[in-house]
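Peer 1: quick one: sequence and predicted model below, then my questions.
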Amino acid sequence: MKISIGNDHAGPEYKKAIVEMLKAKGHEVTNYGTDSADSVDYPDFGRPVAIDVSEGKADFGIVICGSGNGISMTVNKQSKVRAALCWIKEIAVLARQHNDANIISIPARYTSIPQAVEMVETFLDTEFEGGRHQTRVDKISC
Ligand SMILES: O=C[C@H](O)[C@H](O)[C@H](O)COP(=O)(O)O
């Protein structure tokens, strides 16, 4: 799959571990995130991910900031984006099964790197259930 990823200064090490996992699984990754711990503004690094997903240039997106909130607020402004803030694996599963989320947002300062990698793997491996959830997802963009 094609996956775009973006992060601010809270997430370079998380991004690195996630990208290694994705490449090992054969995914094509576009990195829009900073690779430095120097302070930056998360909207600049999240918006390109949202545009890729919105325009169909990426199948899924991954965004990372300290709390996961600022960058998820940013990407959710783009049409067709459904970004989910995930802090445990079970939430990542539900974000796909119930919400058909197409971007996962990770709070780097409140989860570990192994947990973040596991959440992304789970997110990408979980299918949307459709049915009653499709009706609700359709209403999000009204
Ligand atoms: O929602 C925003 C993110 O958590 C940012 O990563 C955070 O605000 C950055 O904070 P600071 O500038 O204090 O590193």
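Peer 2: Nice, I can see it. Numbering: from 1, shown residues only.
Peer 1: relative to residue 52, how far out is residue 82?
Peer 2: Taking CB to CB, to the nearest Å as the measure, residue 82 falls 14 Å from residue 52. (Each C-beta comes from the backbone N, C-alpha and C, glycine too.)
Peer 1: typo on my end, residue 30
Peer 2: From residue 30 to residue 52 the distance is 7 Å (CB to CB).
Peer 1: residues near the closest residue to residue 133 other than its chain neighbours, how many?
Peer 2: Take residue 133 and drop its neighbours on the chain: the residue closest to it by CB to CB, 6 or more residues apart in numbering is residue 98, 4.9 Å away. By other CB atoms under 10 Å, 15 other residues sit near residue 98.
Peer 1: my guess is residue 98 meets residue 134, correct?
Peer 2: No: counting by CB atoms under 8 Å, residue 134 is not a contact partner of residue 98; they are 10.2 Å apart.
Peer 1: list the contacts for residue 66?
Peer 2: Shown in contact with residue 66 (CB atoms under 8 Å, 6 or more residues apart in numbering): 8, 10-11, 107-109.
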